[in-house]
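Enquirer: based on what follows, work out the 3D shape:
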Amino acid sequence: MPALPWTQRQEVDPGREYVAMASRLPLKRRRSIPGFLRDALAIRRQLARADGLIGYALDAELAHKTFWTFSVWENRASLDAFASSEPHRAIIGRLRPLMGQTRFEFFPVSGARLPRTWDQMKAPLRSEPR
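Expert: Residues are numbered from 1 along each chain as shown. Purely as a prediction, here's the structure:
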């Protein structure tokens, strides 16, 4: 499955700082992949109407059962509101037992540094946790 490229929802102000969230989501079993992809589509539909979202991207390494997400938000409150609303909240609850060791990183990002390449989006997850 090819990576879903950066989808920008709002114009980026190069002089502004935003909140970025990068995640690495490994599945325990290959048989969980179809359900994960179905849930990812539901979350993409939710992202299409999410307040405060600047943009997002998703990469799937199916051979490694690993998914990577990257999203940029106006502020942490808008990110938290999205994460705690449906269907995201219910999907995460359902997927949690199917996941291996997940990792999430939250950090500031300058609008001047958007969009990013996949290497840049994954870099915070490849270093030591903060």
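Enquirer: who's in contact with the residue of the chain positioned farthest from its centre?
Expert: No residue in the chain sits farther from the centre than G15, which is 23.1 Å out by CA atoms, centre = their mean. Contacts for G15 were tallied using CB atoms under 8 Å, 6 or more residues apart in numbering; they are G111, A112. Backbone N, C-alpha and C define where each C-beta goes, glycine included.
Enquirer: quick check, it in a helix?
Expert: No - remark: G15 does not belong to a helix; assigned using DSSP: H, G, I helix; E, B strand; the rest coil, it is coil.
Enquirer: quick one: it and R96, what's the gap?
Expert: 38 Å (CB to CB, to the nearest Å).
Enquirer: report pLDDT for L98.
Expert: Listed pLDDT for L98 reads 97.
Enquirer: neighbours of the closest residue in space to it that isn't next to it in sequence, how many?
Expert: Take L98 and drop its neighbours on the chain: the residue closest to it by CB to CB, 6 or more residues apart in numbering is S32, 4.5 Å away. Other residues near S32 number 16, with proximity taken as other CB atoms under 10 Å.
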